[in-house]
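Trainee: Pasting the sequence and the predicted coordinates here, then a few questions.
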Amino acid sequence: MSESWGGARTPSTPAVVSGPGAMSARTDGGVLDPDAPEYGEGVEIQNLQSQAPMGGSPGAGAAGGGFAGVDLSGITPLGAPGDPSIPVTAGAAAGPGPGPGVLGLPLNPREEAKADARALDPAFVQVLLAASTRSGATPSFRRAVRDIVTNL
């Protein structure tokens, strides 16, 4: 009688995932291989693979590793030594070397507005000021002219 009580009991047909509540089932019966084909599928998969040749990985034979037709010769690899003529602060807003403008990133809105205002001809700015004082000028036009003048 002691054999019928206690000890590990392994289910003969374990569930892959246990259901909720009354539909729950033990899942500790063994490890199931999710990649193992069902009974009979292995032969079918082998037949399908033998009928059509498997393709290689795309761009495996290309010199650039998948970037066929793209010249990657000018790109410096990550592990390559640095160029001593370029300061570490190149691209930064402080220190020697070119500033952030060489990175090609967009300016912040305030800096962009200042650059736009400085690019305008001073005579044109005077025309805008005169037009903004006319009686038909809209409030949005007046604000736009005021923003240009304050960014000069």
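Mentor: Received the coordinates, thanks. Residues are numbered from 1 along each chain as shown.
Trainee: switch to C-alpha atoms for all contacts and neighbour counts from now on
Mentor: Will do.
Trainee: Could you list which residues are in contact with Gly95?
Mentor: If you count contacts by C-alpha atoms under 8 Å, 6 or more residues apart in numbering, Gly95 has them with Thr89.
Trainee: Angles on the backbone of it, please.
Mentor: When quoted as degrees, to the nearest 10, the phi and psi of Gly95 stand at phi 90, psi 180.
Trainee: Same check on Ser140?
Mentor: In terms of degrees, to the nearest 10, the main-chain angles of Ser140 are phi -70, psi -40.
Trainee: Count the residues that sit near it.
Mentor: 10 (other C-alpha atoms under 10 Å).
Trainee: just Leu129 next, same as before
Mentor: Quick note: Leu129 (other C-alpha under 10 Å) scores 16 neighbours.
Trainee: The helix or strand hosting it - contacts with which helices or strands?
Mentor: Per DSSP states H and E, Leu129 falls inside helix 122-132. Judged by 3 or more C-alpha pairs under 8 Å, 6 or more residues apart in numbering; DSSP states H and E, helix 122-132 is in contact with helix 139-150.
Trainee: I'd like to know which elements the helix it packs on is packed against.
Mentor: Contact here means 3+ C-alpha pairs under 8 Å, 6+ apart; on that basis helix 139-150 packs against helix 109-119, helix 122-132.
Trainee: make it 7 Å
Mentor: Contact analysis of helix 139-150 by 3 or more C-alpha pairs under 7 Å, 6 or more residues apart in numbering; DSSP states H and E lists helix 122-132 as its packing neighbours.
Trainee: list the buried ones in the helix it packs on?
Mentor: By neighbour count on 16 or more other C-alpha atoms under 10 Å, the buried set for helix 122-132 is Val125, Leu128, Leu129, Ser132.
Trainee: pLDDT value on the residue lying closest to the third one once chain neighbours are set aside, please?
Mentor: Nearest residue to Leu129, sequence neighbours excluded (C-alpha to C-alpha, 6 or more residues apart in numbering): Val145, at 6.6 Å. In this prediction, Val145 carries a pLDDT score of 90.
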